[in-house]
Structures are given as C-alpha cells and as structure tokens.
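Participant: here is my input, please return the structure:
(3 chains)
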Amino acid sequence: MKGTLRSPSVAKESFGAVHSERMDDELHERVREVIAGVPAGKVATYGDIAAIAGAPSPRLVGRILAEDGHDLPWHRILRANGTPAPHLQHEQLERLRAEGVLADGERVNLRVYRWRSPQEEEEAEAGLF
DNA sequence: TAAGTGACCTATA
DNA sequence: CTATAGGCCACTT
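Facilitator: I've put the predicted structure just below:
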C-alpha cells in the first residue's frame, strides 16, 4: 500500500506547512496527466514527459511511473533512444504492438511514433515548417 | 544528521 | 555495442 502516503515529512506538515509539500504532489499529478495525455499509437520519452510536466529530471518520471503508474499508459513511455526499460521490454513492446506501434527489434522508431505535445505543435506551426 | 544505494534516465566518448 | 559521468529523489544505514 503506497497510494497517498509518501514519507515521514507528511507528519511535520500537519501543522500548516502545506506550502512546500504541495508542489511535490502537484508535480506528481502533472506528470500523471501528461502521461495520460499520450494518445494510443504514439509514444513519448521520459525526457519529454519531464520537460512538459516541469519535472526536474527524467528519472523522477520513471520513479513516479514505477510507484504510481499502474493505471496509466506507462507502455507509451520509452527511453531517449526508443528502447523500453530493461525488465519491461517484453511487456511494453507487446502492448505497443497491440496499438499499432511496431518496433524494429527492441527499438521503436521515435521519428515515426513520437508524440508531440500540444504546445510543441503550436510552436511548430507558428514557426517554420 | 549524514552518507550510501538504487532506480522504468540521458548525453558523451 | 560498453563505459562513464551527471543529476534528482526516496529509502536505508
């Protein structure tokens, strides 16, 4: 059981220091939202999610996913080179294949399947083509 | 309190 | 392909 309980620091904030701890929670939720927003048939990298959600590091995305990503499309998140995390490789590629994302060996071609976030598309449209 | 360790990372050589 | 370093965070010693 790990749902909402997170760390001993929760105790100290019962006083009224809701301030700093909240950011943590918001980030957690934001990351989850971004991941949830990746459409089927598309993929994103940990770095992408981190950048869009404002996470300080891609590793944090991995952690959040590991702890609290059971109900999210975690299989649409790949590493920067298009390969999945080692232990999930099999499962992940299989799930992706079911969505029409074909992997070349154990690697997905990001140039084909990479998802572009809404704001990124905006910029691309506004800028040059 | 502080240092060590592991994790679904990434960039560089 | 492997090796190395860099960085962030929670948990354990």
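Participant: what about the nearest residue to A:Thr45 once chain neighbours are set aside, neighbour count?
Facilitator: Excluding its sequence neighbours, the residue lying closest to A:Thr45 (Cβ to Cβ, 6 or more residues apart in numbering) is A:Ala80, at 5.1 Å. C-betas here are computed from N, CA, C, even on glycine. Residues lying near A:Ala80 (other Cβ atoms under 10 Å) number 11.
Participant: could you report the pLDDT at A:Ala80?
Facilitator: For A:Ala80, the pLDDT comes out at 94.
Participant: any idea how far it lies from DNA strand C?
Facilitator: Distance from A:Ala80 to DNA strand C, counting by Cβ to the nearest atom of the strand, to the nearest Å: 10 Å.
Participant: for that residue, pull up the helix or strand it's in.
Facilitator: Under the criterion DSSP states H and E, no helix or strand holds A:Ala80.
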